[in-house]
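>>> Below are the sequence and a predicted model for it; my questions follow.
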Amino acid sequence: MTSSRPPLAEADRSAWKQSFAVAIPTSAYGISFGALSVLAGLDLWQTSVMSLLMFSGGSQFAFIGVIASGGLAAAPSAIASAALLGVRNAAYSVRMNPVVGLSWWHRIAAAQFTIDESTAVALAHTETRARRIGFWATGLAIFVGWNIATVFGGILGDVLGDVRAYGLDAAAAAAFLALLWPRLKSRQAIAVGAAAAVVAAALTPLLMPGLPVMIAAVVAVLVGWFNWLGRSEPATSSPGAAGEELR
């Protein structure tokens, strides 16, 4: 039977294209972080080191958001908020473990680049090689771009003023939406996305940073697990169909 999947070379090219399509706007968002971090009271070196070592946009913004509102006295709460948001990366690492490579050094290095974007681009593909390209190309490109943009934003923070006026806060979300949109082909996929989005939006004003994301993830898992609005699978299948499924 002829496979409906694209040739491997085409899948590789698609992974490269998606990687940079996501990396460019996400990296630009680093300008916003650099500017806001300096305005929150951190100096340029502290801001740059945070991007180098923490390298998790959501956690970084959560940290400086709490610092900006409460000063250094709020540091424990800032650390807790950032750590809570970072928990999701640990969940991503379990899924990415068979994708990043077989050697131990691949897995150690991948820990730094296991972020929302690299995971999303990798899982947008079905071929193992394309997934690996998507993961590493996206993670490395964003790491370099994000850190350069952080320095740029930190230096020009006072000049830029309110960086949200430039729409940079929406750049990463727009890239994610472009990546997600082609996958919304069934009522089940739409139900999962809509349920998670509604829960996160409703809880964000009420809970500390990180909790709405975690709760929305649980809701998404539950909707997918119980297959709400999805098609029911037949209880039995023919041997031929079972064989085809295993390929």
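Great, that's in hand.

>>> care to break the protein down by domain?
For the chain, automatic domain parsing gives the domain ranges 8-175, 184-247.

>>> Looking at these, which one is packed in the most?
With neighbours defined as mean count of other C-beta atoms under 10 Å, the domains of the chain peak in mean count at domain 8-175, which reaches a mean of 18. Just so you know, the C-beta spots here come from the backbone N, C-alpha and C atoms, and that holds for glycine as well.

>>> Can you pull the phi/psi pair for Thr114?
The phi/psi pair for Thr114 (degrees, to the nearest 10) reads phi -80, psi 90.

>>> isn't it right next to Tyr92, touching?
Yes. If you go by C-beta atoms under 8 Å, Thr114 and Tyr92 touch, sitting 5.0 Å apart.

>>> Now do the shared contacts for these two.
The contact sets of Thr114 and Tyr92 do not overlap (C-beta atoms under 8 Å, 6 or more residues apart in numbering).

>>> least reliable of the domains of the chain going by mean pLDDT?
With a mean of 62, domain 184-247 has the lowest mean pLDDT of the domains of the chain.

>>> looking at it, Leu44 is touching Gly154, isn't it?
Yes. Leu44 is within contact range of Gly154, at 4.4 Å (criterion: C-beta under 8 Å).

>>> Kindly list the longest helix within this protein.
helix 8-39 (DSSP state H).

>>> after that helix, next one along is what?
helix 44-53 (DSSP states H and E).

>>> Give me the helices and strands touching that following helix, please.
Under the contact criterion of 3 or more C-beta pairs under 8 Å, 6 or more residues apart in numbering; DSSP states H and E, helix 44-53 touches helix 8-39, helix 57-70, helix 128-155.

>>> So which elements touch the shortest one?
Helix 57-70 makes packing contacts with helix 8-39, helix 44-53, helix 75-100 when contacts are defined by 3+ C-beta pairs under 8 Å, 6+ apart.

>>> okay, these in a markdown table with distance to Ser59 next?
Shown next, in a markdown table, are the helices and strands packed on helix 57-70 (distance: least, C-beta to C-beta, whole Å):
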| stretch | distance to Ser59 |
| --- | --- |
| helix 8-39 | 11 |
| helix 44-53 | 9 |
| helix 75-100 | 4 |
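
>>> now for those, which one comes closest to His125?
Across the helices and strands packed on helix 57-70, His125 has its closest neighbour in helix 8-39 (5.7 Å, C-beta to C-beta).
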